[in-house]
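Novice: Output the structure for:
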Amino acid sequence: MSTTGNGAAEVLPPRDVPLGGARAMTVRRTLPQRERTLIGAWCFVDHYGPDDVAVTGGMDVPPHPHIGLQTATWLFSGKLRHRDSNGVHEDVLPGELNLMTAGNGIAHSETSTPETTVLHGVQLWIALPDAHRHTGRAFHHHAPRPVPLPGGGEARVFLGTLAGETSPVPTFTPLLGAEIHLPAGATATLDLDPAFEHGLLVDAGEIRFAGTPLRPNDLGHLPTGHPTATLANTSAEPARLVLLGGTPFGEEIVMWWNFVARTGEEIVRARLDWENATPRFDAVQGYPGDLRLPAPDLPNATLKPRGNRR
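Specialist: Below you'll find the predicted structure:
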């Protein structure tokens, strides 16, 4: 359940969720929640690690499908191997964005590499607006440079604009995505787009976000109307944060399994297309083994569109 602190932001705490596959690793999910489905077009935030691969086996997610969204993979440590049915094979490294556009349908796999010892990062989804959700498959890779923040710290801007730095990666709705580092005791005031709502995920450190205290793994939500926000690291260790933002999405979505749609009927069709191995998703080449992640059973209840409750 979300809570409100003494400041302007709402606190969305994490819940533990097993990531798919026979040898599932556990991730901490802060979006979606019952009270909040989206922050801008960001509709999914998974946070994992630091994960000792020697103990857990690391990440091994077999080929699985997506529709109606983009996946943004961002690592703090380790290395992942991305393979998709559009023929893209790309390694994901810390501080580098891999953005995959599913559009009408794509399949991909994600595996930690043999040299990875500690896996740590975030997996993010972006809902595509109705006008573009059947677009063609695409993939973008970007390694942003660090830029200094006023008052201390630095940011790597992987989507949108922050601190005078703009990512070259195109988006279908106005978005912001950045990793932020703050030294112990540092305070930075950021210029924000007041038309955006923002979410701040805390990986390390104790933070006050627009006056609201956040602990590690919390996601703080700041509504529109704020031209600035102050981040204060109140802990004795460096803080690492992920700042997300965007204009309110304004559309209701149906999220189920790996699909983002507008109706339950679209979800049913996508599931059948995946289970029947139609050309809509195609095959992922190069994944070790012939395992393909089966779709779970649909719920008995009708899948209904959801937006933010407030």
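Novice: give the contact list for the closest residue to Ala239 other than its chain neighbours.
Specialist: Among residues not flanking Ala239 along the chain, Gly205 sits closest, at 2.7 Å (Cβ to Cβ, 6 or more residues apart in numbering). (Glycine included, C-beta is placed from N, CA and C.) Residues counted as contacts of Gly205 (Cβ atoms under 8 Å, 6 or more residues apart in numbering) are 182, 184, 216, 233, 235, 237-241.
Novice: The spatially most central residue of the chain: which element?
Specialist: Central residue check for the chain by Cα atoms, centre = their mean: the C-alpha nearest the mean position is that of Leu124, 1.1 Å away. Leu124 belongs to strand 118-127 when assigned by DSSP states H and E.
Novice: Show the subsequent helix or strand relative to that strand.
Specialist: strand 138-142.
Novice: Give me the sheet partners of that following strand and which way each runs.
Specialist: strand 97-101 (antiparallel) (DSSP bridges).
Novice: does the residue nearest to the centre of the chain have beta-bridge partners, and which?
Specialist: Counting by DSSP bridges, the residues bridging with Leu124 are Val45, Ala72.
Novice: Then His89?
Specialist: Beta-bridge partners, per DSSP bridges, of His89: Arg83.
Novice: Can you list the helices and strands that the strand holding Leu124 packs against?
Specialist: strand 42-52, strand 69-77 (3 or more Cβ pairs under 8 Å, 6 or more residues apart in numbering; DSSP states H and E).
Novice: Tell me the confidence at the residue nearest to Ala239?
Specialist: Here, the pLDDT recorded for Gly205 equals 97.
Novice: For the stretch 201-310 of the chain, give me the ranges with low pLDDT.
Specialist: Along the stretch 201-310 of the chain, segments meeting pLDDT under 70 span 309-310.
Novice: all strands of it, in order?
Specialist: 207-209, 212-214, 219-222, 228-233, 239-246, 254-256, 259-261 (DSSP state E, counting those that start in this stretch).
Novice: Selecting buried members of the contacts of Gly205 in PyMOL, what would you type?
Specialist: To isolate in PyMOL the members of the contacts of Gly205 that are buried, counting by 16 or more other Cβ atoms under 10 Å, one can use:
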select buried, resi 182+216+233+235+239+240+241
